[in-house]
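Student: Sharing a model that was predicted from the sequence below.
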Amino acid sequence: MEQAIEKARALIEAMEYIQNFKGKLVVIKLGGSILDDPQLRRNLLQDVVFMSTVGMRPILVHGGGKAITAAMNEAGLEAVWVQGRRYTDERTLTIAEHTLVNALNKPICQTLNEFGCNAMGLHSLSSCVVFAEPLRLENSDGRKLDVGLVGKVAEVNGELLTTLCQSGVIPVIAPVARSKTAGGKLNVNADSVAGHIAAAVQAEKLVVLSDTHGIRRQIDDPESWISSLSEAEIAEMIHNGTITTGMMPKVEACLTALDGGARKAHIIDGRIPHSLLLEIYTSKGIGTQITK
């Protein structure tokens, strides 16, 4: 009986959040172990289906770095990194696109459809909603660095995404973009894509799922995670070195979303069962919330 009462209490606590978020757009970026573990991914997607069922409008963005590296190794190619970006020539881009679309995007859509939702893959081999321009990098002495066919987001078709969500579709986006200036396609960082999409659709929330329990005050102490931070506090933590290279793309995506009009951003550990629902539908949350 006590267990049943606890379930009822949880539902009552969630009711207020369900009412507040009904009809609101939420961008969810999938990364880390979620993409590598089919069962973990399925469990997470079941939570996304719950969100859709109670009236939220989820948009999914996924990466796939580990899977791309594995596919490159299988093809006899070694990944080359330039300032944290994968050098991308034509062959690497072909492998990345095939992996992202066929090994990840399609199975995600299939799972959502199995759960009774209407999912649509949006990527460079179908309808594309993300457009990019070539990324230009320089080293410390000002010399230009060649990263190949790597891009940065230039434009997002937020109107199409909003229309799809309003019609009950769950968009699932892979981070290979159409090039606005050079023609062809460009490989884009998935965190960055998620941040720009959240800004373009004025999302209620951006939720970045990874293998870390939010932002920590002490990098090596998992118990030092911080429940809520402002943009100013984030800036200070970047300045003093608390936020370092591994967390930086996720934090930058959150700041991009907030600066573009998204209300809140969250970084949470997707390996924790129902972490997505716990962050959105409970008062305490489970990761780090970032606000203006």
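Tutor: Received, thanks. Residues are numbered from 1 along each chain as shown.

Student: where does this protein dip in pLDDT?
Tutor: 182 (pLDDT under 70).

Student: Show me what secondary structure element comes after the helix or strand containing E6.
Tutor: Per DSSP states H and E, E6 falls inside helix 2-21. Once the chain leaves helix 2-21, the next helix or strand it forms, by DSSP H and E, is strand 25-30.

Student: If you count neighbours, what's buried in that following strand?
Tutor: 25-30 (16 or more other CB atoms under 10 Å). Any C-beta I mention is one placed from the backbone N, CA and C, and that applies to glycine too.

Student: Then stretch 167-183?
Tutor: 169-179.

Student: for the protein, what spans make up the helices?
Tutor: Ranges of helices within the chain are 2-21, 33-36, 38-53, 65-74, 90-98, 106-114, 158-166, 190-200, 231-239, 248-259, 275-281, based on DSSP state H.

Student: Can you list the helices and strands that the shortest one packs against?
Tutor: For helix 33-36, the packing partners by 3 or more CB pairs under 8 Å, 6 or more residues apart in numbering; DSSP states H and E come out as helix 38-53, helix 65-74.

Student: now these as CSV including distance to Q110?
Tutor: Listed next are the helices and strands packed on helix 33-36 as CSV, based on distance: least, CB to CB, whole Å:
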stretch, distance to Q110
helix 38-53, 10
helix 65-74, 16
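
Student: Pick the most buried one from those helices.
Tutor: Greatest average neighbour count among the helices and strands packed on helix 33-36 goes to helix 38-53 (a mean of 18), per mean count of other CB atoms under 10 Å.

Student: rewinding a little: okay, buried residues for the helix holding E6 please.
Tutor: So, applying 16+ other CB under 10 Å, buried residues of helix 2-21: 14, 17-18, 21.
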